[in-house]
Each structure stands twice: as structure tokens, then as C-alpha cells.
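**Student:** prediction below, plus the sequence it came from.
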Amino acid sequence: MWAKRPNPDYDLVCGVAYTGLPIATVISTKQELPMLIRRKESKGYGTKKLVEGNYEEGQNCLMIEDVIVSGSSVYETLETLKELKLKVDDAIVFLDREQGGAAAMSWGSMGVNVISVVTMTQMMGILLKHGCINQATSESVLEFVESHNDTSIVTKEKSSCKNGIDVMDRKKRSFESRTSVTNHPLARKLFEIMSSKKTNLCVAADVTTSAELISLAEKVGPHICLLKTHIDILTDFSKETVESLKELAATHNFMLFEDRKFGDIGSTVASQYSGGAYNIVDWAELVTVHGLPGDGIIKGLMSAINGRPRGCVLVSEMSSSGALTSQEYVSGCCKIAENHTYFVIGFVSQSNVSSDPRFILLTPGVQLDKSVDGLGQQYVTPRAAVLERGADIIIVGRGIREAEDPEAAAIKYKEEAFSAYLERIEAQ
Ligand code: 5BU
């Protein structure tokens, strides 16, 4: 494990409780490196410290763990070490069970490089070669790993520790409190934006020129958490368009959300996502995805992100009349989301499809003065979307874009939707 370290020097090692501890101890003594021990629980007596050992702020600490599954233990250790202002870039694990933990740890604010000595696939190959297991066992193990690609353990553990409140009910919880139950960096970022800017408004910027797009983003930017695009309807798309959008997103603190509605097999969506005319993966932090093809679509998209922090929202229900999204379809989407929490951050929905506080529900088909558009679109008010349909975020297009003063309209929608959200969490 020590030979696998990516950097020659570390100031400290920290074993992840519990099986990582003896391994870290051996490394610590053999390499003469100071070691930290992070307790699982702070002890109720004595110094009450969560971490034992001597360290100084800014020291470079290597985490040691035996097996990574969801990444929850590594994640908890990382959080503690970061609170102590230690620098933690790498974790060495003996076995990567390839169930999403290593990928989840590598993103965004976590940014930890997880290096394994063997992966589960390699391990099966070794055991098979030496006649320790047969082909059927190897296949069933790998099938199990593949179908249990789940990083939700982090959040299950975290959310079960609040006493008295039904912590699992999404609708009852504030965006702020939900930040700590998701381990997806972009879901956290979105919750943080919504809490700090006091907005749960996403504007659908369905315009056909770059100038209109930028002008709309400038006007509504201060009032939104997400700007939703259909980039392929622009007649003059260019790299400069996305550069300007990215700048505006940074200035006004909103995220770019391409409503691409990917819906093909994994290998096709990988090419549609990365490359092509729009190179969506490069600039859109979030995209919409249909659950229809099954979870290969998630794997395909994931194969194209190349270490960037990216996420998706699954289209579980549509706002148009006669939509074919049955209850069974919705349940299927929820299953995909639960199994891929390192990529799926929520749903586009028209009802309370999930009470899991990690998932963010976005509802389109919102307008104040209209109920239909003549082409199948159906509208509800911001209040109804939030209070009756369980939306966390409302998506508004024409209601804002076609208003005489789009900025004033954005403020109005924002205020209605956010006060409905406050009402919803306060009513609990
Ligand atoms: P409108 O102008 O507020 O009707 O625009 C709604 C936007 O949301 C538009 O970009 C649609 O493509 C998008 N949308 C939708 O209306 N309904 C859905 O179910 C989904 C997306 Br998914």
C-alpha cells in the first residue's frame, strides 16, 4: 500500500477506523511517520477529542483504509481532518469494491485521489487464476458489485443521528440542513446557493441567439439558482457564448443546467455529452437525463466526465399532457437515482416522487397567469408547484422571458416560490 502512494512525502498518516488503523500503524512505524487516530465517536470523558495524535495546521496527511465501498468512512475522516486544517489529497485503500466510493471522493470540494492496490475485478481475476473460486462465483460477485453501485451510506448514517425529527422527509427540511445529507458536491453547491441567495428559481432560457441568452442571464442572474438552457436552439452558438455564460454564472452565483434530456444507450450519450458541436460536459454542471434506457445511460455519461464535478437530474415525470410516465416508470427512475447518488442529484417531476432529502426536485410547467400553452404544456402556480407538488425548485420559461420586464418577473416568481418553500418547512 505504501508503495502505491502518489507522493513521496507525507507529514502524517491517518487510518480510517477501524480496519485502516492497524494498517496505518504498521506504515507509521515502518516509515517513521507520525500517525493520527480518528475515533468513530467522540469519547464521553477525558479530552473528548475526535482525533488523537500530534499535528500542525497545513500538514500533509495520507489516509489509509482497507476497503472502499461507498466512501462514507473515508469521507467522515476527511471532514474531520479538514476541520483540523490538515491538507488531505490522497487516500490509499487496499481494495476498491468499485461501487462508486472512489469516484465520489474524487469530486469537487472533496477532491481526494483514492488509490487502490486492487479493484474487485482484479481480485476476482486473481482468485480465479489460482483456482480459489470458480467462474460462477466471480460472475455473481461482479454482478452484485455492479448492481449495488451506491454511495448513499454516507447520508443514511448522517441522517439517522438527528433525534426526534423525521429526518428522511425531504419536504420538511431546509435546503441548508440538506447540504449535509448529500455527498454530491454539486447538490451541496446548489443547496448552498439556494440558502444564501434565498432563491429556488430556475429560469428556462429558451432563446435562439447568444445575445438574447446573455442578456437574459444578466437580468435574471442575481435572482436564480440555475439557468436552464436548450443550447441546440441557438442559431449562433460559439465557444464565446459559453465563456460569457460561465462568467455570469460565477459573478451571480448560479449554475448552468443544460436540458439535453439524454435518452440513448451509454456509448451514444457519452459522445453526445463530450465533444460534438456543444461539448456539453465542458460547461454544463448539470444536465437532464431520461431514465428510459436503464442505468447504462448513467454509466455512459459518467465515462465522459473525466474527473470534472458533474451531475444529472432524472426526468421522472413531464409537465405535458398525456405524458407516458407511469408510476412504475417513476419508481424505476428512483431506483436508478438511489443506485447512482454520485451522479444523480434529483428529478424533474410533477409530484412528490421522492422523500429522500438528498434528491432535489425540479418542477417545470410553472406560470402565474396561464394554465396551458396550446401545445401540450400545462402550468401550475409557483405556490402549487412547491406546496402541492413538492417542488424544491421551480422552472419558469415564458412566464419570465416574455414578461415586459423579465427581471421584475424573475423577482416575483422567486419571491412566491421561496416564500412557499419557507411556509412548507415552517409548517412542519
Ligand atoms: P415554459 O416556457 O415555462 O413552458 O418552459 C418550460 C421549460 O421547461 C422548457 O424549456 C421545457 O423544455 C422544459 N420542460 C418542460 O416544460 N416540461 C418538462 O416536463 C420538462 C422540461 Br422535463
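**Tutor:** Here it is on my side, so go on. What you see is a predicted model; the values in this text were computed from it and never measured.

**Student:** ok, the nearest residue in space to Leu201 that is not next to it in sequence - how many residues close by?
**Tutor:** Spatially, and ignoring its direct neighbours in sequence, Leu201 is nearest to Lys414 (4.4 Å; CB to CB, 6 or more residues apart in numbering). C-beta: built from backbone N, CA, C; applies to glycine. Applying other CB atoms under 10 Å, we find 25 other residues in the vicinity of Lys414.

**Student:** list the contacts of Lys414.
**Tutor:** Counting by CB atoms under 8 Å, 6 or more residues apart in numbering, Lys414 makes contact with 198-201, 223-224.

**Student:** what strand or helix carries it?
**Tutor:** Per DSSP states H and E: Lys414 is located in helix 406-426.

**Student:** ok, now which ones touch the residue in the stretch 251-400 of the chain that the ligand sits nearest to?
**Tutor:** The stretch 251-400 of the chain approaches the ligand most closely through Gly397 (2.5 Å), counting by CB to the nearest ligand atom. Going by CB under 8 Å, 6+ apart, Gly397 touches 203-206, 364.

**Student:** can you do 10 Å?
**Tutor:** For Gly397, the contacting residues are 202-207, 228, 230, 364-367, 373, 377, by CB atoms under 10 Å, 6 or more residues apart in numbering.

**Student:** a strand runs through Phe347, doesn't it?
**Tutor:** Yes: assigned with DSSP: H, G, I helix; E, B strand; the rest coil, Phe347 falls within a strand.

**Student:** surely it meets Cys334?
**Tutor:** Yes: if you go by CB atoms under 10 Å, Phe347 and Cys334 touch, sitting 7.9 Å apart.

**Student:** for whichever residue of the stretch 101-250 of the chain sits closest to the ligand, phi and psi?
**Tutor:** In the stretch 101-250 of the chain, the residue that lies nearest the ligand is Ala204 (3.7 Å; CB to the nearest ligand atom). Here is the backbone geometry of Ala204 (degrees, to the nearest 10): phi -90, psi 110.

**Student:** so what's Val315 bridging to?
**Tutor:** His290, Val348 (DSSP bridges).

**Student:** touching, it and Lys261? I think so.
**Tutor:** Yes: in this structure, Val315 is within contact of Lys261 by CB under 10 Å, at 6.1 Å.

**Student:** of these two, which one has the most company?
**Tutor:** The neighbour comparison of Val315 against Lys261 (other CB under 10 Å) goes to Val315, with 23 against 13.

**Student:** next one: stretch 301-312, is it in contact with the ligand?
**Tutor:** No: under the criterion of CB under 6 Å from any ligand atom, the ligand is not reached by stretch 301-312; the shortest gap measures 12.2 Å.

**Student:** pull out the buried residues from that stretch.
**Tutor:** Neighbour counts over stretch 301-312 (16 or more other CB atoms under 10 Å) mark 301-302, 304-305, 309-312 as buried.

**Student:** can you redo those residues as TSV with secondary structure, distance to Arg401 and pLDDT?
**Tutor:** TSV is the format used below for these (DSSP: H, G, I helix; E, B strand; the rest coil; distance: CB to CB, whole Å; pLDDT from 0 to 100):
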residue	secondary structure	distance to Arg401	pLDDT
Leu301	helix	28	95
Met302	helix	33	92
Ala304	coil	31	93
Ile305	coil	30	91
Pro309	coil	29	89
Arg310	coil	27	94
Gly311	strand	25	95
Cys312	strand	24	97
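
**Student:** between those, which is nearest Glu57?
**Tutor:** Among the buried residues of stretch 301-312, Pro309 lies closest to Glu57 (CB to CB), at 26.0 Å.

**Student:** quick one: the closest one and Pro185 touch, right?
**Tutor:** Yes: assessed by CB under 10 Å, Pro309 is found in contact with Pro185 at 5.1 Å.

**Student:** ok, and does the helix holding Lys414 reach over to the ligand?
**Tutor:** No: counting by CB under 6 Å from any ligand atom, the ligand is not contacted by helix 406-426; separation bottoms out at 10.1 Å.

**Student:** related to what we said a few turns ago, quick check on the closest residue in space to the residue of the stretch 101-250 of the chain closest to the ligand that isn't next to it in sequence: phi, psi?
**Tutor:** Spatially, and ignoring its direct neighbours in sequence, Ala204 is nearest to Gly397 (3.3 Å; CB to CB, 6+ apart). Main-chain torsions, Gly397, degrees, to the nearest 10: phi -110, psi -90.

**Student:** then the one 3 residues further on?
**Tutor:** According to degrees, to the nearest 10, the main-chain angles of Ile400 amount to phi -100, psi -50.

**Student:** could you do Glu240 as well?
**Tutor:** phi -60, psi -30.

**Student:** who's in contact with it?
**Tutor:** Glu240 neighbours (CB under 10 Å, 6+ apart): 210, 214.

**Student:** from the centre of this protein, point out the most distant residue.
**Tutor:** Residue farthest from the centre of the chain, counting by CA atoms, centre = their mean, is Gly131 at 40.5 Å.

**Student:** thinking again about what came up before, mind listing the residues bridging to the residue of the stretch 101-250 of the chain closest to the ligand?
**Tutor:** Listed by DSSP bridges, the beta-bridge partners for Ala204 are Lys228.
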